[in-house]
Structure formats: C-alpha cells, structure tokens
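Student: The following comprises the amino acid sequence and a computationally predicted model.
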Amino acid sequence: MNLKRPLRAEFSKHVLFLSGLMMEKEAQKQKHAWCYKGTLTLGSLETSSPAVNRTSRQVLLSIGDLKDWEFLFADVATAFLHGEDQSRELGAVFPEMHATSWTSSQTP
Amino acid sequence: MRLLKPVYGQADAPRAWYQVAKKVGFSQHKLDGCLFRLFDSEGCLCCLVGLHVDDMLISGNPQSECYLTAKKLLREKFNFKHWTHTNEREKLDFCGCSLVKTPYGYQLGQPEYFSKIKPITIDPKRRDTAMASQNEISALRAVLGALQRPSTQTSPQLGATVSLLSGQITAATTEDLRDANKALKFAKMNNDV
C-alpha cells in the first residue's frame, strides 16, 4: 500500500471523499483515521442552523419561574443521527476498492 | 460504505437535525426559530422549549395534561443522554451556563468557564508604555476572546471593557495587558452577578 500520499477518490457530483490510511505530507506522520471531506464542494447547500438566543432563554426562564413551572435540561444523544436523511450521496471507499471506479450500485 | 444519516463533522448535519426538531409538534416562535411553544386545547401556553443544537431547556406546567403527554412523546421519539429535573439537582447546566434556583428566581452564571481562563504572564518590573510582544498579543487575544462570550451571555458588566481592549490589540502595551488581567480578575470575582 502506498502511504506517501493520501488515497482519495471522488464519486459524486456533489462531492465527498475519503480515504483510509492517510499520511500527512508535511509531518510524514501516519494517521489511522477516516477523513470525511464533506465540506469540499458544498456549493449552494444550506448549512445554517440557529440556536436559541439569550433573550429567548431569559424569557423562557422568566415565564417558567413566574408560573412556577418545572424545569428540565435534556441532551439528545447522537442528535445528528436523528437528522433528516442525507440529501447528498456520501460515502467512503476502502483503499483496496480505490483502484476500481466507484458507482452507487456498488454500495451494499 | 454509504452514509444514510448525517454524522458529526458534516457541514450540513446541524441543519438536518434542526429540520427534524422543527417538526416535533411544537409551535415555533416567529422571532426565534429555536424557541418552541406548546399550547393546550384551550389555547393556553403550557410549555416552552429552548433548543441549542442538541441541548434542550424545557419549562412546562406539571399540571397540564398536554405538557405531560408532549414530554412523554418527546422521550419516546428521541434517545436522551441527559434528562435532568430541577428537583433532582441543585444546579442545571445549559450551554455552558449553570442555572441555580434561588428564593428570588433563577441565577445564571459561568463559574467553571471563568476558572479555566488563565491570566497573561507579565513581568512586574515592566513599564506600562512598553509595547507587547507577539506572544503577549496572542495571549491578550485569547483572554479577550474568552471573555467575549460571557459578556454577551451572563456577564454584561464585562462588555465595555472587553470591547475597548479589543480595539487596542494590534498596538497593545503592557498597560493593556495589565488591564486585561484586571478585567479577568474582576470577571472571576463577580461571576455570580
């Protein structure tokens, strides 16, 4: 296996790609990690996601306290996995598959 | 291997999650898309939910059937890592802010956050007018950057100092570094305001 440069492949119009074992050119340090380059060609993809602002938080606390309501703090586990299905075709090609061209029909 | 669901690290993953959270059945506030309300059959407000990515701050009327049903459905729909009630703990944490119930209401603070910020090391013998080195300017940026967030969240008393010092970063002197350290000390001493 050639570890001198990252193994990469593109397989969709919308992009994405990834490789298995990678080696950083500068550091020449072996990395055992999958790199999901999902940001390469975002184009017109909508990525904005708001978060509650300070005023709303204060309003929530004030109303809840004035009405003597209960308060709960909840943290959703693996929240992003609850998200909408992928709008793009994203995936990973294993190093040994790299030699052949990838098509969506090859996905399990 | 193909990704079917969004994963952490993807640029559009938070949006995909937000689209699902929006459709849970709560009514979204027109002025803040992350403040959700729930009204009972008579049109009375019975629950408010503040959403910060995967963190939720929920307040609801425990006597309302509508709220209790919604709470149950919410727990069934999502898998929660934490589900903490104010009665269970003295202090709740929401987005890095601690929330403590007092006889006068709820007190918000960030004591843990402040305790992690380290002051800039300055030689006590240095003159106030001496220019700061590049490393010191980086340290100043770090301290001011760290104080920026609480100044907009829980400690508005820091706003003016942080803003004025931020304007001095590129031509910072030892006096500015000392002022930043003073601001940090002040912030730590008054984090319960």
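Tutor: Ah, there it is.

Student: Please enumerate the helices of chain B.
Tutor: B:13-22, B:65-77, B:111-115, B:134-153, B:159-166, B:174-189 (DSSP state H).

Student: Name the stretch among those helices that sits most buried.
Tutor: helix B:13-22 (a mean of 20; mean count of other Cβ atoms under 10 Å in any protein chain shown). (C-beta placed from N, C-alpha, C; glycine too.)

Student: Could you pull up the mean pLDDT of it?
Tutor: For helix B:13-22, the mean pLDDT works out to 88.

Student: Nearest residue to residue 80 in space, ignoring adjacent ones along the chain?
Tutor: You didn't pick a chain, so chain A it is. Spatially, and ignoring its direct neighbours in sequence, A:Phe80 is nearest to B:Ala13 (4.3 Å; Cβ to Cβ, 6 or more residues apart in numbering or on different chains).

Student: wrong one, I was asking about chain B
Tutor: Closest to B:Phe80 by Cβ to Cβ, 6+ apart is A:Ala74, at 5.3 Å.

Student: show me where pLDDT drops low in the chain?
Tutor: You didn't pick a chain, so chain A it is. Low-confidence segments of chain A, defined by pLDDT under 70: A:1-44, A:94-108.

Student: The intended chain is chain B.
Tutor: Using pLDDT under 70, chain B drops low at B:193.

Student: Which residue ranges make up the domains of chain B?
Tutor: Recorded structural domains for chain B (assignment: automatic domain parsing) are B:1-83, B:111-189.

Student: centroid residue for chain B?
Tutor: Residue closest to the average C-alpha location in chain B (Cα atoms, centre = their mean): B:Cys95, at 4.0 Å.

Student: Surely that one and B:Asp54 touch.
Tutor: No. Between B:Cys95 and B:Asp54 there is no contact, the gap being 10.7 Å when judged by Cβ atoms under 8 Å.

Student: could you dump the domains of chain B to a markdown table with distance to A:Glu46?
Tutor: Converted to a markdown table, those look like this (distance: least, Cβ to Cβ, whole Å):
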| stretch | distance to A:Glu46 |
| --- | --- |
| domain B:1-83 | 6 |
| domain B:111-189 | 26 |
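
Student: Does A:Gln59 belong to a helix, a strand or coil?
Tutor: Actually, residue A:59 is Val. It isn't Gln. With DSSP: H, G, I helix; E, B strand; the rest coil as the basis, A:Val59 sits in helix.

Student: Now for it, how many residues are close by?
Tutor: 18 (other Cβ atoms under 10 Å in any protein chain shown).

Student: dump the residue contacts of it.
Tutor: Counting by Cβ atoms under 8 Å, 6 or more residues apart in numbering or on different chains, A:Val59 makes contact with B:35, B:48.

Student: and B:Thr161, what does it touch?
Tutor: Neighbours of B:Thr161 in contact, by Cβ under 8 Å, 6+ apart: B:179, B:183, B:186.

Student: Likewise for B:Gly159?
Tutor: With Cβ under 8 Å, 6+ apart, B:Gly159 has these contacts: B:151-152.

Student: That one and chain A, how far apart?
Tutor: 12 Å (Cβ to the nearest Cβ, to the nearest Å).

Student: just B:Tyr106 next, same as before
Tutor: B:Tyr106 is 5 Å from chain A, by Cβ to the nearest Cβ.

Student: since we're on the closest residue to that residue other than its chain neighbours, how many residues are nearby?
Tutor: Counting by Cβ to Cβ, 6+ apart, A:Leu61 is the residue found nearest to B:Tyr106 once chain neighbours are left out, at 5.1 Å. Using other Cβ under 10 Å, A:Leu61 has 21 neighbouring residues.

Student: swap in B:Asp93?
Tutor: Residues near B:Asp93, counting by other Cβ under 10 Å: 16.

Student: quick one: it and B:Leu108 touch, right?
Tutor: No. Between B:Asp93 and B:Leu108 there is no contact under Cβ under 8 Å: 10.8 Å.

Student: joint contacts of the two?
Tutor: With Cβ under 8 Å, 6+ apart, B:Asp93 and B:Leu108 have common neighbours B:Leu99.

Student: Give the helix, strand or coil label for the residue nearest to B:Phe80.
Tutor: Per three-state DSSP, A:Ala74 ends up strand.

Student: ditto for the one 10 residues further on
Tutor: Applying three-state DSSP to A:Glu84 yields a three-state assignment of coil.
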